[in-house]
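A.B. asks: coordinates only, no sequence provided:
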């Protein structure tokens, strides 16, 4: 069991350890020499797995960060004179220090608002209906990017995705999904990976594994051949071609085997639901709890008390009394229960 | 007198002809051979004029477009990982097809809202107060850009500029003024060029002359040595170093001589005032008429009638019944009066 | 007649004045209001002229500098992960402060050597034959750029162009011609504009007029629809969309009328030939004199003497005793003869 | 023992497995939750180790690829209008698909030649002596980058480094070392890390560990505060900020402990020496064997025979009869000896 400061952590799934099966896969991949730069057996195997999982042809590009996956997706789908439409809270707008602008050589991000971290469909439709008036003076809308799960921990329903797909098709745009927490979303949607992605109009998917148990393993998965041109050169020139790629791909291969990824996500989501259900009436939720994150408003004295008891979490920027709790594959139910007790037993 | 389709034009000061004195200056500059690439006598003279006009040292870079002036200003003051704060309607956000993102190699533009085309000071202050929380994950605020006159035809007062200056200094940011219509603003403010710029905290000024009577002549004027490093290389690598630069600078020299620039701007502003005063009660103004532009709501039948009478103007994007009228150095008072009559005699 | 320091200038065709007919065209274009941003009658007319002149469809983009024309051509034909092959002395490699790298968002320039400023065909063929070995690790050859006339004042023959065309077609590359002095080259080749360009495999032509008598007027002419996508947005986002474009296009229209451009180039070339013929045996030529430039080695005492007599020219970088003489549309034969006399009468 | 196709591999140190001690460190770092994004204990510890190792202050940036380290180094030291001087065979010129041009937003790489993969000092000095003549028209020399060991497997001596340092100081340039195989070079030089780097004028070092036994672990180490501004933002916006950074830094920490890195490099070098010594007279060496790589010319029949016997190596691009042999930390002496036997017993 890890030392005390290594547990009771609800701060981020990025702080969680590696799932032991995935760590084992890394160890097992260390058998002598192996082709470098992505021409190894694991990378090949992962591509096959993805094509089976999504029941479709797809180009698969293993990577080590979600920012790289998002940014290469933007470079593939949005020209320098293009515009990317996304929610204002989207990771690629707020938290990537301008990486999409960098990779696209200066495309413009158009931040849209919308409840619960989801793009407001009417605002999206209106923006597009009014664009093009200024001709070459304005950036050309090229890509819609949505985040699944959103930055507010919510999940777009298949109906909501369908509405965005209709708009994307009307204007001939690319549709990207930032799936840093795709497994958590899929676990909620209870549909096939195909239904949640290309059947819902997704052309490019940033497929995350790191937050859900891997060491450092993400993939850009492209379902539309229109957006795969020279994808390997885009990765290389960004310095994201790992020489010993086998150790990235081996993680991804194990991640998908035997539904490991879905089981881990289901566990994370279940912990969030447990917290939500057991603290009903005690905490004010900011957003629906659709997956593994809970944003809640608490008395400030309770927040301080939780901190003193050793619980770790983020106080949400812009607020004093809102905390974000992230439940992960590694969250122990005993920790969740301890947190529930601390909240429910609090007397104002 | 120009042919009929060349008059009664209130569409844009970009469609106006060259002032005859400036055209004469171009003709006079065509005396035999002359040093190229900006090392001519006119470029030198214009720098001297600017330093006298603004009563301060400044670096002066003649250019042919405002977009180039704005973009080089951004490249000088905002690093690729930086952010530019401006009004959402700012030319550099809406109308330059991503030029600032291009020149800065991917800086992020943060669009702020605000009444009458002016940045809301509280929103600006709040944004900055809350930035920095995410550290390296977020773009670093580097430059505030304001437009004077604004895209709504209004003029920031010296008091408003003072408030922005205080914020800029608090956070150590650069302050840029897009002065495509600087002459019109100055004519309204009735203060010295120094008071309207560097004394108000402006570090970099896009100084426009094209809309106000020149053929193609703008200048980037930098008052702060912190933002002048390799300014000439930035111009050259953008393809904006004109070989026969004398013909740009000769325009600018004449523009400043004998208050020609201010007289032209005063004329343009006076025509807008005339229209505003004579149509009071007949038109609904969207914004205060501070300079040479009028945005007004009219009955749609009147709009159509004006078009049929040969008046040219823009119906404002996003509206059906709002038109923009731009009065310029070349607007003939008889045209203005004809327009006034057409509006005031209209019977609903 | 211009003052004394404005004549006897063999330094650069960029220092020459505007041809009077072109200046007249600028004056004539100043008739009242006119559509801005390139939607004026002159821009339209120039496109028609070009299509007639080149006997082919072409996209025509008026610009104010050759660096902009070259750079937009590179952005159209070479992706960020691509490579541009050109002579090491090419303007776009040596004299544009990295503009092609800027506009392409980081394409790699591969400088090739070759006699007399011309790309060595064997070296070009060898480079391409050996590229592709490293796959995604190397930049993908995309564009060949040649300069006509070259930086050494020579002219590629139609046979030489044919050899490059064959290579371009073999590897599926784009072929660009930097024609800053295209008129001078055409005057030498004595063939049709079509034969010298698209029939010789040229996809994109930087068509220069400034050095040959215009004030500031260049055009990017694209013969291949593959390389015209969003060409106007590329111009706009670089700040090269001139609002009062009519004054650029009016120059270009007049330039092509009544063979003005060819007559001016023929005059410039004839002056260079005159100098070459009359100084035979007195000066050592570095390169064949194919057009309007002469690179020659002279005794250093003679160079000093010429300078003292008021002749202006460049001492060529990297040499002490080599000068470049540029003859232009504005070179007066009396000046040429005075220079010839000064050289031939020199006694060592 | 690995399966047969996993051994007898002299193709690349990138194909070698992870050293077992380093793999153990990865496993040990997987203790519960830990701060993400580089604020973990291992990253801190590695910085301390580096400062002790190099006996100097330095900024330390853990990364996962050498291309990222090189490219961020260029972005820190070379502006977009700048030029990078390096050997034409340098990895950053030949093998990074334009990554340095991408990260610098378009800086120009000036490829220099030189024997044995080393920059020719005279050519470097001459280039710099002749630069600056064209002013803003040419890219400004900003950074010299050298590779240690070179791409030809040679090692710059301290005297050679001293000569480059003098030039760098004369022109006020930054000096970067691509140390993808720095450990191998240091093992050859038998001097302190300080003597081989900052005492030799190195401002920025790409410190490689992957080729020498790590899984994916490199670091950019900057000795000069002039080149550290916003270094973390440069990493983040390139997508190179690994969320679970502890697993990168834990590798680096172990790599430096107990001279593991130097012992591995010494082993690799010794195998190359063994091969060289035992095959003397049998193979023709292209370059001195200074470290762990051997470039040798062999009869083509021998090359085929070696391949048939299961030896893996690269036939060097551009040649038919030259092979590169790379010896690594994981090369078993029995494999080396088997290779030696195969070469020495070959009868023409």
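C.D. replies: Cool, got the structure. The shown structure was predicted, so the numbers you read here are calculated from the model rather than taken from an experiment.
A.B. asks: contact partners for the residue of the stretch 151-300 of chain A found nearest chain B?
C.D. replies: Distances between the stretch 151-300 of chain A and chain B by CB to the nearest CB are smallest at residue A:151, namely 12.2 Å. C-beta here means a position set from N, CA and C on the backbone, and glycine is covered the same way. Contact criterion CB atoms under 8 Å, 6 or more residues apart in numbering or on different chains gives A:87, A:89, A:90, A:91, A:94, A:117 as the residues in contact with residue A:151.
A.B. asks: leaving out the residues flanking it, which one is nearest to the fifth one?
C.D. replies: In other words, residue A:94. Closest residue to residue A:94 in three dimensions, ignoring its sequence neighbours and counting by CB to CB, 6 or more residues apart in numbering or on different chains: residue B:138, at 6.6 Å.
A.B. asks: against residue A:98, how distant is the one you found?
C.D. replies: Residue B:138 sits 9 Å away from residue A:98, going by CB to CB, to the nearest Å.
A.B. asks: of these two, who's got more company?
C.D. replies: Per other CB atoms under 10 Å in any protein chain shown, whichever of residue B:138 and residue A:98 has more neighbours is residue A:98, with 29 against 22.
A.B. asks: any idea which element the residue in the stretch 151-300 of chain A that chain D sits nearest to lies in?
C.D. replies: The minimum distance from the stretch 151-300 of chain A to chain D, using CB to the nearest CB, falls at residue A:239 (3.4 Å). Element membership for residue A:239 (DSSP states H and E) is empty, with no helix or strand holding it.
A.B. asks: what do residue B:138 and residue A:98 both touch?
C.D. replies: With CB under 8 Å, 6+ apart as the test, residue B:138 and residue A:98 both reach residue B:83.
A.B. asks: how about the strands in the stretch 51-200 of chain A?
C.D. replies: Taking DSSP state E, counting those that start in this stretch, the strands of the stretch 51-200 of chain A run over residues A:59-63, A:82-87, A:108-112, A:140-147, A:174-179.
A.B. asks: residues in contact with the residue lying closest to residue A:142 once chain neighbours are set aside?
C.D. replies: Sequence neighbours aside, residue A:82 is the residue nearest to residue A:142 in space, at 3.4 Å (criterion: CB to CB, 6+ apart). When contacts are counted by CB under 8 Å, 6+ apart, residue A:82 touches A:104, A:107, A:108, A:139, A:140, A:141, A:142, A:143, B:98.
A.B. asks: can you do 7 Å?
C.D. replies: Going by CB atoms under 7 Å, 6 or more residues apart in numbering or on different chains, residue A:82 touches A:107, A:139, A:140, A:142, A:143.
A.B. asks: what's across from it in the sheet?
C.D. replies: Taking DSSP bridges, one finds residue A:140 as the beta-bridge partners of residue A:82.
A.B. asks: mind checking pLDDT for it?
C.D. replies: Per-residue pLDDT puts residue A:82 at 97.
A.B. asks: can you map out the strands along the stretch 201-348 of chain A?
C.D. replies: Across the stretch 201-348 of chain A, reading from the start of the chain, the strands by DSSP E, counting those that start in this stretch fall at A:204-208, A:218-222, A:284-285, A:293-297, A:314-315, A:322-326.
A.B. asks: what's the single longest helix in chain A?
C.D. replies: With secondary structure taken from DSSP state H, chain A has its longest helix at helix A:260-278.
A.B. asks: can you count the residues close to residue A:120?
C.D. replies: The criterion is other CB under 10 Å. On that basis, residue A:120 has 14 neighbouring residues.
A.B. asks: tell me who's in contact with the closest residue to it other than its chain neighbours.
C.D. replies: Distance criterion CB to CB, 6+ apart; nearest residue to residue A:120, sequence neighbours excluded, is residue A:114 at 3.6 Å. By CB under 7 Å, 6+ apart, the contact set of residue A:114 is A:87, A:120, A:123.
A.B. asks: and which of the residues you listed is nearest to chain B?
C.D. replies: Out of the contacts of residue A:114, the one with the shortest distance to chain B is residue A:123. That distance is 13.3 Å, counting by CB to the nearest CB.
A.B. asks: ok now do the closest one, which residues does it touch?
C.D. replies: With contact set as CB under 7 Å, 6+ apart, residue A:123 has these partners: A:112, A:113, A:114.
A.B. asks: ok, what's across the strand from the first one?
C.D. replies: When bridges are assigned using DSSP bridges, the partners listed for residue A:112 are residue A:87.
A.B. asks: what separation do you get for it and residue A:146?
C.D. replies: With distances defined as CB to CB, the gap from residue A:112 to residue A:146 amounts to 10 Å.
A.B. asks: neighbour count winner among these two?
C.D. replies: Neighbour count, other CB under 10 Å: between residue A:112 and residue A:146, residue A:146 has more, with 25 against 21.
A.B. asks: name whatever forms a beta bridge with the more buried one.
C.D. replies: residue A:177.
A.B. asks: any idea how far the most centrally placed residue in chain A is from residue C:86?
C.D. replies: The residue at the geometric middle of chain A, judged as the C-alpha nearest the mean C-alpha position with CA atoms, centre = their mean, is residue A:180 (1.6 Å). Taking CB to CB as the measure, residue A:180 falls 43 Å from residue C:86.
A.B. asks: that older thread, from residue A:90, how far out is the residue of the stretch 151-300 of chain A closest to chain B?
C.D. replies: Using CB to CB, residue A:151 is found at 7 Å from residue A:90.
A.B. asks: for the residue of chain A found nearest chain C, grab phi and psi.
C.D. replies: Of chain A, the residue with the smallest distance to chain C, taken as CB to the nearest CB, is residue A:105 at 3.5 Å. Note on residue A:105: its backbone torsions stand at phi 60, psi 30 [degrees, to the nearest 10].
A.B. asks: wait, it touches residue A:81, no?
C.D. replies: No. Because the distance of 9.4 Å does not satisfy CB atoms under 7 Å, residue A:105 is recorded as not touching residue A:81.
A.B. asks: so for these two, which sits in the more crowded spot?
C.D. replies: The neighbour comparison of residue A:105 against residue A:81 (other CB under 10 Å) goes to residue A:81, with 30 against 27.
A.B. asks: skip the chain neighbours and tell me the closest residue to the residue nearest to the centre of chain A.
C.D. replies: residue A:208 is the one closest to residue A:180 (CB to CB, 6+ apart), at 3.9 Å.
A.B. asks: verify the stated contact: that neighbour with residue A:179.
C.D. replies: Yes. Between residue A:208 and residue A:179 there is a contact under CB under 7 Å: 5.6 Å.
A.B. asks: which bits of the stretch 1-150 of chain A sit near chain D?
C.D. replies: Counting by CB under 7 Å from any CB of the partner chain, the residues of the stretch 1-150 of chain A lying close to chain D are A:2, A:6-7, A:9, A:12, A:14-18, A:23, A:27, A:30-36, A:64-65, A:67-68, A:71, A:96-99, A:102.
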